[in-house]
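Novice: from the sequence below, what's the structure:
(one chain, ligands or ions: 1)
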Amino acid sequence: MRVNKKGLTLILVAILCLLSGCEQMAIFDPKGPVAESQRNLIVYSLYFMGGIILVVYVAFTIIVIKYRNHKNRTEESYDGNMHGNNLIETIWTVIPILIVTALAIPTVTTLFDLEKPPEASVENSSKDPLVVYATSADWKWIFSYPEEGIETVNYLHIPTDRPIEFRLSSTGSMAALWIPQLGGQKYNMAGMETILYLQADEPGVYKGMNSNFNGEGFAEQKFKVHAEDPGAFQDWVKDKKANAPKLTQKQYDQLIKPGLTDKQTYSSTHLDWVNHGTHAGMDYEISRFRDLYKESIGLERKTVKESIENEK
Ligand SMILES: [Cu+2]
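Specialist: Sure, this is the predicted structure:
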């Protein structure tokens, strides 16, 4: 066989490109109990399915060699009539059931466990979760700490070894909060509240993002999570509470207007006048900025007849 050198080089370059992406696979480098159990689940599934692939390819090779057309082949070498063969029918019915069961049970138990706050990993560390309202607006993240009375935009500080109870909602379009090294994503929607428990065991700065494509500014809807020991976190809270300005409703309305913004800090929260996770707060942003969306996402609903007229 003549080897096409150009083709071979292309394939090698492609493999290199794919492999170099590995350093960004943060889910295999978890920094908290939630991300860790999800990583274990993924690794288990990968090995399990790798085992299945191995068995399939070995069986495939054996069958290709055994039943190939060769010199000493006779009529008796192959009995093609396997209809009604109970043994074979049983094997190919039972094995898939076993595979699905072995994948489903750990998945379901792990995911249900993650609906509860993770156990505190250090003795004496605070067990009740820190509540943070994470609200997505186009295209920024607003984090409210109701107990601390502070609010941040596009960045987050959290204490280590303490579960964080994220209450997710959105001012308008759907988003998904994802901090890969702390755990998987959940969706943010206007008019409802989703709870996501995450926890950081190691101090550090972790990447957070929106993992649900929602328009023009999607790629910019990122934030950094600063995980620090509880003392440092309390100092940070005290400093912001004392020095950051109060958030007014007028400022807030400008903030949630579709567009991008830098990091911001306030010593009060927007929860004083609206909670987007409730039915009452659902239309807060839409009622103010509906016109801005008209062109890009077509909030105006047309009848079928009008659409056909427009097509012409
Ligand atoms: Cu929903």
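
Novice: could you use CA atoms for every contact and neighbour count after this?
Specialist: Will do.

Novice: verify the stated contact: Tyr266 with Tyr145.
Specialist: No: at 10.4 Å, Tyr266 and Tyr145 do not qualify as touching, with contact defined as CA atoms under 8 Å.

Novice: quickly list what Thr194 is bridged to.
Specialist: Thr194 forms beta bridges with Leu168, as assigned by DSSP bridges.

Novice: got the residue ranges for the strands in this protein?
Specialist: 130-137, 140-145, 150-153, 155-159, 164-170, 175-179, 183-188, 194-198, 204-210, 222-228, 264-266 (DSSP state E).

Novice: returning to that earlier point: who touches both of Tyr266 and Tyr145?
Specialist: Contact criterion CA atoms under 8 Å, 6 or more residues apart in numbering; residues shared by Tyr266 and Tyr145: Glu151.

Novice: what's the closest of the strands of the chain to Glu36?
Specialist: Of all those, it is strand 183-188 that lies closest to Glu36, at 7.7 Å by CA to CA.

Novice: who are the packing partners of the closest one?
Specialist: Identification of packing neighbours for strand 183-188 by 3 or more CA pairs under 8 Å, 6 or more residues apart in numbering; DSSP states H and E yields helix 33-66, strand 164-170, strand 175-179, strand 194-198.

Novice: would you indicate which residues of the longest one are buried?
Specialist: Within helix 33-66, the residues that qualify as buried are 33-39, 41, 45, counting by 16 or more other CA atoms under 10 Å.

Novice: pull the number of nearby residues for the spatially closest residue to Pro180 that is not a sequence neighbour.
Specialist: Nearest residue to Pro180 in three dimensions, chain neighbours excluded: Ile27, at 5.4 Å (CA to CA, 6 or more residues apart in numbering). Counted with other CA atoms under 10 Å, the neighbours of Ile27 add up to 18.

Novice: before we move on, what about the one 3 residues further on?
Specialist: Pro30: 21 surrounding residues under other CA under 10 Å.

Novice: surely it and Gln181 touch.
Specialist: Yes: if you go by CA under 8 Å, Pro30 and Gln181 touch, sitting 4.6 Å apart.

Novice: do you know the pLDDT at Lys302?
Specialist: As predicted, Lys302 sits at a pLDDT of 44.

Novice: where are the low-confidence patches of this protein?
Specialist: Along the chain, segments meeting pLDDT under 70 span 1-3, 16-24, 120-126, 293-312.

Novice: any idea how far the residue nearest the centre of it is from Ile53?
Specialist: Residue closest to the mean C-alpha point of the chain, counted by CA atoms, centre = their mean, is Gln185 at 2.7 Å. Distance, Gln185 to Ile53, by CA to CA, to the nearest Å: 29 Å.

Novice: again, but for Asp79
Specialist: On the measure of CA to CA, Asp79 and Ile53 end up 26 Å apart.

Novice: next: Ile15.
Specialist: Here the distance between Ile15 and Ile53 works out to 21 Å (CA to CA).

Novice: likewise for Pro163?
Specialist: The spacing between Pro163 and Ile53, counted by CA to CA, is 38 Å.

Novice: related to what we said a few turns ago, the residue nearest to the centre of the chain and Ala175 touch, don't they?
Specialist: No: using CA under 8 Å, Gln185 is not in contact with Ala175; the gap is 9.9 Å.

Novice: out of the buried residues of helix 33-66, what pair is the most spread apart?
Specialist: Pro33 and Ser45 (18.4 Å).
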